[in-house]
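Engineer: what shape does this take:
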Amino acid sequence: MITQQIPHAATISALRTRIRSWRDDRLTVGFVPTMGALHDGHLSLVRLAKAQCDRVVASIFVNPKQFAPGEDLDAYPRTLMDDAEKLTSARCDLIYLPTPDIMYPDGFSATVALKGPALGLETDIRPHFFDGVATVVAKLFNQVRPDMAFFGEKDYQQLLVIRQLVKDLDFPIDILAGATGRDRDGLALSSRNAYLTADERARAGQLNIILKEFAKTLETGTDRETAEAQALKACQDVFDSIDYIEARCADTLAVLDPGPITGPTRILAAVRLGSTRLIDNMAANPPL
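Structural biologist: All right, here's what the predicted structure looks like:
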């Protein structure tokens, strides 16, 4: 359990009581939702929120609705005390710790389902995933009622899904993106990186190199289909399996024509090393 010295709320009523006191003082509220096992990428979002808002709430909730049977829900790292200390050091004002029975009480039957940017890529591999994400984020937004919410660009498709959710359901919340946190070799920070063996970790950094080369190839005018095939081959030489590596429209994630790119583009990849799944993305722009 977290000690009383670390400000936290475990119920919706306790959360709202604290936030109501901030609202009475006309303070703005930022929100950083997490599933715990925090790394510097998460903490950078807290720091970004602190720069933008008077008070910051971070939630820790491992959402069962975004895990399919056989995925790593039970194995997902849970490091609550360490997470609480990190959030406190990052000057987070309140940690929200809902339990599954609070988020999904007996009889819970609602689901938020999106199309648009939620279609393809992750959905092709994990069809349940974004319904689970959208449902829990909608509930958290209603519970916290922040002015701003902060998400990392590492989960780029998720970021666009959340922006679409806010637009479609009229949440009065500004969604701000934080840059992807990276290790020294360019590997995107992720809680699941802890699963990598030493050999896998040495190979994992190649994903960043492949994405950079993919972006460079597109930006020199190579057609999308050719650049994609080259990147896929490079991934096959390094990783155990590839879920996808594709260039999509940066604004909508629509599939691009096979020729050279003509507008802002996002390269998205998901690969596997052993039991660990790595995702990353990178921007690419058409030749001047």
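
Engineer: run the chain-centre distance for stretch 239-256.
Structural biologist: Averaging C-alpha positions (C-alpha atoms, centre = their mean, to the nearest Å) puts stretch 239-256 16 Å from its chain's average.

Engineer: now stretch 129-141
Structural biologist: In terms of C-alpha atoms, centre = their mean, the centre of stretch 129-141 is found 12 Å from the chain centre.

Engineer: residues contacting it, please?
Structural biologist: Contacts of stretch 129-141 with the rest of the structure, by C-beta atoms under 8 Å, 6 or more residues apart in numbering, involve 31, 33, 59, 61, 63-68, 96, 103, 110-114, 118, 122-123, 149, 157-158, 161-162, 165-166, 169, 171, 173. Backbone N, C-alpha and C define where each C-beta goes, glycine included.

Engineer: isn't residue 76 up against residue 61?
Structural biologist: No. Here residue 76 does not reach residue 61: they are 11.3 Å apart, not a contact under C-beta atoms under 8 Å.

Engineer: quick check: neighbours shared by the two?
Structural biologist: Counting by C-beta under 8 Å, 6+ apart, the residues touching both residue 76 and residue 61 are residue 35.

Engineer: now list the buried members of the contacts of stretch 129-141.
Structural biologist: The neighbour-count test (16 or more other C-beta atoms under 10 Å) marks 31, 33, 59, 61, 63, 65-67, 96, 103, 112, 114, 118, 122-123, 149, 157-158, 161-162, 165-166, 171, 173 as buried among those.

Engineer: among those, which lie within strands?
Structural biologist: Among those, the residues falling in strands (DSSP state E) are 31, 33, 59, 96, 149.

Engineer: what bridges to the fourth one?
Structural biologist: Going by DSSP bridges, residue 96 is paired in beta bridges with residue 9, residue 59.

Engineer: same thing with the last one?
Structural biologist: Listed by DSSP bridges, the beta-bridge partners for residue 149 are residue 31, residue 175.

Engineer: longest helix in this structure, please.
Structural biologist: Longest helix of the chain, by residue count under DSSP state H: helix 129-144.

Engineer: quick check: buried residues in it?
Structural biologist: Here helix 129-144 shows 129-141, 143-144 as buried, counting by 16+ other C-beta under 10 Å.

Engineer: from these, which is closest to residue 19?
Structural biologist: In terms of C-beta to C-beta, no member of the buried residues of helix 129-144 lies closer to residue 19 than residue 144, at 6.9 Å.

Engineer: now that closest one: closest residue in space that isn't a chain neighbour?
Structural biologist: Spatial nearest neighbour of residue 144, chain neighbours left out: residue 31 (4.9 Å); criterion: C-beta to C-beta, 6 or more residues apart in numbering.

Engineer: quick one: the one you found and residue 146 touch, right?
Structural biologist: Yes. Applying C-beta under 8 Å, one finds residue 31 in contact with residue 146, separated by 3.7 Å.

Engineer: helices of the protein, residue ranges please.
Structural biologist: Listed in chain order, the helices of the chain (DSSP H) span 12-24, 40-52, 80-89, 100-103, 122-125, 129-144, 156-168, 198-204, 206-219, 224-236.

Engineer: mean pLDDT for the ones you listed - can I get that in CSV?
Structural biologist: Conversion of these to CSV gives the following (pLDDT from 0 to 100):
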stretch, mean pLDDT
helix 12-24, 98
helix 40-52, 97
helix 80-89, 94
helix 100-103, 96
helix 122-125, 95
helix 129-144, 97
helix 156-168, 98
helix 198-204, 97
helix 206-219, 98
helix 224-236, 98
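
Engineer: in a markdown table, list the ones you listed along with distance to residue 185.
Structural biologist: Below are these laid out as a markdown table (distance: least, C-beta to C-beta, whole Å):
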| stretch | distance to residue 185 |
| --- | --- |
| helix 12-24 | 39 |
| helix 40-52 | 15 |
| helix 80-89 | 23 |
| helix 100-103 | 36 |
| helix 122-125 | 24 |
| helix 129-144 | 27 |
| helix 156-168 | 20 |
| helix 198-204 | 8 |
| helix 206-219 | 7 |
| helix 224-236 | 16 |
